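Asks: Below are the sequence and a predicted model for it; my questions follow.
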Amino acid sequence: MSKWVGAALVMVIACAPPVKEPMPATPAAQTSPLAADAVAGVTDPALKAAIADHWEYMMRWSPTYATTLGDHRYDDQLAPRDAASIARMHRERDAIVAKLDAVPVTGLGDTDRVTYQLLRGRLEAEQGLDVCRFHEWLVDSAGGSVLGELSYLVESHTVKSADDAEHLVKRMKQGAKAVDDTIANLRLGLADGRVSSAEKVRRVVEQLDAELAKPVESWSMTSPAWGEQYPVQQRELAALVRDEIEPAIVRLRDFLRGEVLPKARTDQEGLVALPDGDACYRAAILNHVGLAMTPEELHQLGLAEVARSDKELAELGKKVLGTPDLAATVAALRDDKKLYFGTREEILASAQGSLDRAKALVPKFFSVLPKVDCVMREIPDYEAPYSTIAYYRQPHYDGTKPGEYFVNTYKPETRPRFELEALTWHESVPGHHLQIAIAQELGALPAFRKLDGSTAFVEGWALYTERLADEMGLYSSDLDRLGKVSYDAWRASRLVVDTGIHAMGWSRQQAEAFMREHTALTPINIGNEVDRYIGWPGQALAYKVGQLKIIALRKHAEEVLGPRFDIKGFHEVVLGAGAVTLPVLEERVQAWIDRASK
């Protein structure tokens, strides 16, 4: 999973829908240092003007993201999240869509036409999500939480001078208001009959209790990377976290426990139980999958894929483990403690070794490689008990931070050895890091195309690389290949479980039972995964849909081109235009096939 912090308007490459971060009231006077990048490669004047407006809108709306890109005009700001600002943000976005109406679409060149399609599709998908009003009811214990956001901010805010440190202090000074605005938004939801599930709320209260039980001096947000270099700012930061942010976190915890939890949903946890839930879910499907597929279509696709993976898992289990059937294979993978890690150090060493092997072999399958590195890191302690198995954070656009592959080492005895290799290929190389870092380094394309895009493409690519890794000779053994098949079953089951929860009224327990039957994931991972699907509707659908499309396009290319098929060329065309939608990807691959056929 990619926690693509760059795509703040579409996804938080986290385990919850994006927190709506509206723009500050006063735009910066100076021009963005990335203004030229924002419109690179665009030739039509009307389209260029709309894209320029959109870029400024993104920078104002998500100032912490702007910092990671090297746009430092808003380094002292957190985006406001009060209801009035959110409404104002929507009006500005809608004005950009209206500006796109004036673009002469029929006269656009090929590149401008795709750029127009991608930007308009993205903004219209966001408009569709307005009906969800996530900020009024959703609470989450993973990366989308306000605790996680403020904690990561101290790490992600690059500090190279005293001014940078002062900007961080000013930014964190707004943290207590961000917490209080979150409370105010949730009160709006309560008044309107919108509330999260009791289990989601319970998990967040537990997380906040655990953090509040620690000395504030040990919190991540009081421990910037600058060490002793800026003692004045360090004292200011520690004081404001102690005097302002910690009391705000107490207010949030007490509000959730005292006001939200008694009214939280205890029966149905999906969107199906909320006002406008059906419209919200269909909008989420369009946003993440990029295709107007129905929940029923996706559910049936998932059942078919699960049936296929059941058979493959049983056959490989018989070969590797000597088990007679699917149930015995799943039980062996889940219960044999020899197949699990013993210490966090073992997990970190295995993840690092797998990443190093992948880096060594990718030149044989890719003609274009990113310049920026990918490094392995641990998921922070405050997040690990509630987080997924791993995730990826993209490099900073200005080169100040590499791509990061985060591994969960919490309760190492619950982390399977046989799954770690497939996990590594997915989250780092040749998966998320290769795709996202290459996109950032593309030439004459507007910056939004380099920095975010279709979830189905991003996650479909990463899932495709789990199979590609076998062709590359990366898997160490048949047991590790069994992990690959188990992971494929996991992604197939998501189609069934996500639609079951949000469209068909499945309970959390029903979803967990389905995954226990058809995947080898451990109970703790299944619990966190189902919690993620509840909190991030539709995102988990994108993996399989995207993977199946890339596999189908490759198969078509191999059949048409025969001996002229070039795997490096195929990967170059797939990754060569950013995270495009699946229809645009199909057009690109077909054009490549046509050229190669001549």
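Replies: Cool, the structure landed. Here the structure is a predicted model, which means the values were calculated and not measured. Numbering: from 1, shown residues only.

Asks: list the buried ones in the strand or helix carrying A238?
Replies: Here A238 sits within helix 231-240, counting by DSSP states H and E. Residues of helix 231-240 classed as buried by neighbour count (16 or more other Cβ atoms under 10 Å): Q233, Q234, E236, L237, A238, L240. For the C-beta atoms, the positions are set from N, CA and C on the backbone; glycine is no exception.

Asks: before we move on, what about stretch 562-579?
Replies: For stretch 562-579, by 16+ other Cβ under 10 Å, it's I567, G569, F570, H571, V573, V574, L575, G576, A577, G578, A579.

Asks: check contacts around the fourth one.
Replies: Pointing back at H571 there. F365, F366, S367, V368 (Cβ atoms under 8 Å, 6 or more residues apart in numbering).

Asks: Run through the residues that contact the second one.
Replies: Contacts for F366 were tallied using Cβ under 8 Å, 6+ apart; they are P430, L434, K568, H571, E572.

Asks: Just confirm A327 is within a strand.
Replies: No. Per DSSP: H, G, I helix; E, B strand; the rest coil, A327 lies outside any strand segment and is helix.

Asks: what about it, how many residues close to it?
Replies: 13 (other Cβ atoms under 10 Å).

Asks: ok, it to G483 distance?
Replies: 18 Å (Cβ to Cβ, to the nearest Å).

Asks: One more: Q547?
Replies: In terms of Cβ to Cβ, Q547 sits 16 Å off from G483.

Asks: Can you show me the helices along the stretch 401-550 of the chain?
Replies: 417-427, 432-440, 447-451, 455-471, 478-503, 508-518, 523-535, 542-561 (DSSP state H, counting those that start in this stretch).

Asks: Pick out the shakiest of the ones you listed, pLDDT-wise.
Replies: In terms of average pLDDT, helix 523-535 trails the rest of the helices of the stretch 401-550 of the chain, at a mean of 91.

Asks: Any buried residues in that helix, and which?
Replies: In helix 523-535, the ones that count as buried by 16+ other Cβ under 10 Å are I524, N525, I526, G527, N528, E529, V530, D531, R532, Y533, I534, G535.

Asks: If you average pLDDT per helix and strand, which one of the chain comes out bottom?
Replies: helix 146-156 (a mean of 88; mean pLDDT, DSSP states H and E).

Asks: residues in contact with that helix?
Replies: With Cβ under 8 Å, 6+ apart, helix 146-156 has contacts from 5, 14, 19, 64, 67-68, 78, 142-143, 168, 171-172, 175, 178-179, 182, 207-208, 211, 219-225, 237, 245, 249, 252, 380, 382-383, 396, 401.

Asks: Same check on stretch 482-493?
Replies: Counting by Cβ under 8 Å, 6+ apart, 302, 305-306, 308-310, 312-313, 316-317, 320-321, 333, 416, 418-423, 426, 463, 466-467, 469-470, 475, 514-515, 518-521, 529, 540, 543-544, 547 sit against stretch 482-493.

Asks: Stretch 222-238 too?
Replies: With Cβ under 8 Å, 6+ apart, stretch 222-238 has contacts from 154-155, 157, 159, 162, 165-166, 168-169, 172, 216-217, 221, 241-242.

Asks: Which two among these are spaced furthest apart?
Replies: For the contacts of stretch 222-238, the maximum inter-member distance is 23.8 Å, found between A162 and V216 (Cβ to Cβ).

Asks: more crowded one of the two?
Replies: V216 (16 against 13).

Asks: Now do that one against A314, distance only.
Replies: V216 is 52 Å from A314, where distance means Cβ to Cβ.

Asks: and what of G505?
Replies: Taken as Cβ to Cβ, the span from G505 to A314 is 30 Å.

Asks: Among these two, which residue is more densely surrounded?
Replies: A314 (18 against 14).

Asks: hang on, the more buried one packs against A332?
Replies: No. Under the criterion of Cβ atoms under 8 Å, A314 makes no contact with A332, lying 11.5 Å away.

Asks: Quick check: neighbours shared by these two?
Replies: T323.

Asks: Which stretches in the stretch 301-450 of the chain count as strands?
Replies: 374-378, 390-393, 403-407 (DSSP state E, counting those that start in this stretch).

Asks: looking at the ones you listed, which one has the lowest mean pLDDT?
Replies: Taking the mean pLDDT of the strands of the stretch 301-450 of the chain, strand 390-393 comes last: a mean of 93.

Asks: Just the terminal-to-terminal distance for stretch 189-196.
Replies: End-to-end distance of stretch 189-196 (Cα to Cα, to the nearest Å): 9 Å.

Asks: Any idea which of the helices of the stretch 401-550 of the chain gets closest to T43?
Replies: helix 447-451 (14.6 Å).

Asks: hmm, back to that, distance to V39 added to the buried residues of helix 523-535, as JSON lines?
Replies: Putting the buried residues of helix 523-535 into JSON lines (distance: Cβ to Cβ, whole Å) gives the following:
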{"residue": "I524", "distance to V39": "47"}
{"residue": "N525", "distance to V39": "43"}
{"residue": "I526", "distance to V39": "45"}
{"residue": "G527", "distance to V39": "46"}
{"residue": "N528", "distance to V39": "41"}
{"residue": "E529", "distance to V39": "40"}
{"residue": "V530", "distance to V39": "42"}
{"residue": "D531", "distance to V39": "41"}
{"residue": "R532", "distance to V39": "36"}
{"residue": "Y533", "distance to V39": "37"}
{"residue": "I534", "distance to V39": "39"}
{"residue": "G535", "distance to V39": "35"}
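
Asks: ok, back up a step: kindly indicate which of the contacts of F366 lies nearest L261.
Replies: Looking across the contacts of F366 and measuring by Cβ to Cβ, the closest to L261 is L434, at 42.8 Å.

Asks: In this structure the closest one contacts V362, no?
Replies: Yes. The criterion here is Cβ under 8 Å, and L434 meets it with V362 at 6.9 Å.

Asks: So which of the two has more stuff around it?
Replies: L434 (27 against 20).

Asks: and the more buried one, what is it in contact with?
Replies: V362, F366, L369, P370, T465, L575.

Asks: ok, the fourth one touching L442?
Replies: No. At 10.4 Å, P370 does not count as touching L442 under the criterion of Cβ under 8 Å.

Asks: Between these two, point out the one with more neighbours.
Replies: P370 (22 against 17).

Asks: Distance-wise, check the more buried one relative to R508.
Replies: On the measure of Cβ to Cβ, P370 and R508 end up 39 Å apart.

Asks: what's the strand or helix carrying Y116 in contact with?
Replies: Using DSSP H and E, Y116 maps to helix 110-129. Residues outside helix 110-129 that contact it (Cβ under 8 Å, 6+ apart): 9-10, 17, 41-44, 47, 50-51, 54, 93-94, 96-97, 100, 103, 105, 108, 280, 282-284, 286-287, 290, 445-446, 448-449, 453, 577, 580-581, 584.
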